[in-house]
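Engineer: quick one, what's the 3D model for this:
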Amino acid sequence: MGRKVHDVLGRGAGGAAPAHAHDATPAQPLPGPAPVWVTVADTQISEADIAHEMQHHRADDPHQARSDAARALVVRELLRLEIARQRLDAQAEPVPGETLEEASIRVLLEREAPVPTPDAADCRRYFEHNRERLHRPDRIRVRHILLAAPPADVEARASARATGERLIAELGEHPERFTEFAQRYSACPSKDQGGELGWVERGDTTPEFERQLFMLEPGLAKLTVETRYGHHVTWIDAIERGDPLSYEEAAPRIAAYLETQARQNAIHQYLQLLQQRYPVRGLDELASSR
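Structural biologist: Prediction:
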């Protein structure tokens, strides 16, 4: 399981894979001890620990990143305390690529939070209630003009948006100029092909780009599509909806999904039990603070 154990913990507990609370050191010296708002039993999780952990929890809202980091450290400490109580360090045998800590967590969860394997009846029931969600990937044929701007450069991004809106207005009158504009303005290598990206399926591009692409109708998009790279003028040439999957085709995907959901639920419930053994203080207050 290795890193996968940490991935599941991150999702089940509301954060990404946590780093050890006791390994954190502040980037700059502090004039005194870092304040402590969160405790797990007798273990203190300081603001320095949380600040160090935040690098693993990217979010647009820094308050959300701070809350996610604190929650991840709490989960890590709950598991550490229980591993120590059961002396699992002496029992766990790491597999290749797995640390002793990861192996101990794996052994603990396999013992205390077993995951039932979904049977055929479970899979069939899910299939019957979710047929519309079970199909081959949709795909779109798209052209774009990338007006590049760094994420942190507010003026450059405003300028890119303005340029994009101007190009959209001109293309509305002269759609045949798209190739010309792509070659002149685009910062993407696709400009040499007139901005042609070809057929795109989910997972082929950056999440924020495709999330917006798959909401568009065929033709020229009336607004720019903003991503980490800048603003995009986009033209959808065609949309193909994936054919429905048969039960036989969908069954492996359904079983994997149901097992993942069961694992997350089992871990969540187990963490609730651990919080009764090792009281957590300050986490809810920190999460609600702004």
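
Engineer: gap between residue 287 and residue 37?
Structural biologist: 11 Å (Cβ to Cβ, to the nearest Å). Where you see a C-beta, it was placed from the backbone N, CA and C, and this is true even at glycine.

Engineer: okay, strands next: where are they in the stretch 101-250 of the chain?
Structural biologist: Taking DSSP state E, counting those that start in this stretch as the test, the strands found in the stretch 101-250 of the chain are 139-148, 196-201, 219-220, 225-227, 230-240.

Engineer: who wins for proximity to residue 283 among those strands?
Structural biologist: strand 225-227 (33.6 Å; Cβ to Cβ).

Engineer: what count of nearby residues applies to the nearest residue to residue 275 once chain neighbours are set aside?
Structural biologist: Leaving aside its sequence neighbours, residue 275 sits nearest to residue 78 (Cβ to Cβ, 6 or more residues apart in numbering; 6.8 Å). Applying other Cβ atoms under 10 Å, we find 23 residues neighbouring residue 78.

Engineer: what about residue 78, which SS state?
Structural biologist: helix (DSSP: H, G, I helix; E, B strand; the rest coil).

Engineer: that one reaches residue 279, doesn't it?
Structural biologist: No: contact criterion Cβ atoms under 8 Å: residue 78 and residue 279 do not qualify, at 10.3 Å.

Engineer: residue 46 bridge partners, please.
Structural biologist: According to DSSP bridges, the partner residues bridging residue 46 are residue 36.

Engineer: against residue 70, how distant is it?
Structural biologist: Residue 46 sits 10 Å away from residue 70, going by Cβ to Cβ.

Engineer: swap in residue 76?
Structural biologist: 11 Å.

Engineer: ok, now residue 152?
Structural biologist: Taken as Cβ to Cβ, the span from residue 152 to residue 70 is 26 Å.

Engineer: just residue 78 next, same as before
Structural biologist: Residue 78 is 13 Å from residue 70, by Cβ to Cβ.

Engineer: do the same with residue 125
Structural biologist: With distances taken as Cβ to Cβ, residue 125 is found 38 Å from residue 70.

Engineer: now residue 281
Structural biologist: In terms of Cβ to Cβ, residue 281 sits 12 Å off from residue 70.

Engineer: kindly report the same for residue 212.
Structural biologist: Taking Cβ to Cβ, one finds residue 212 at 32 Å from residue 70.

Engineer: cool, residue 111 as well?
Structural biologist: 27 Å.

Engineer: need the distance between the two termini of stretch 90-102.
Structural biologist: Using Cα to Cα, to the nearest Å, one end of stretch 90-102 lies 13 Å from the other.

Engineer: cool, thanks, signing off.
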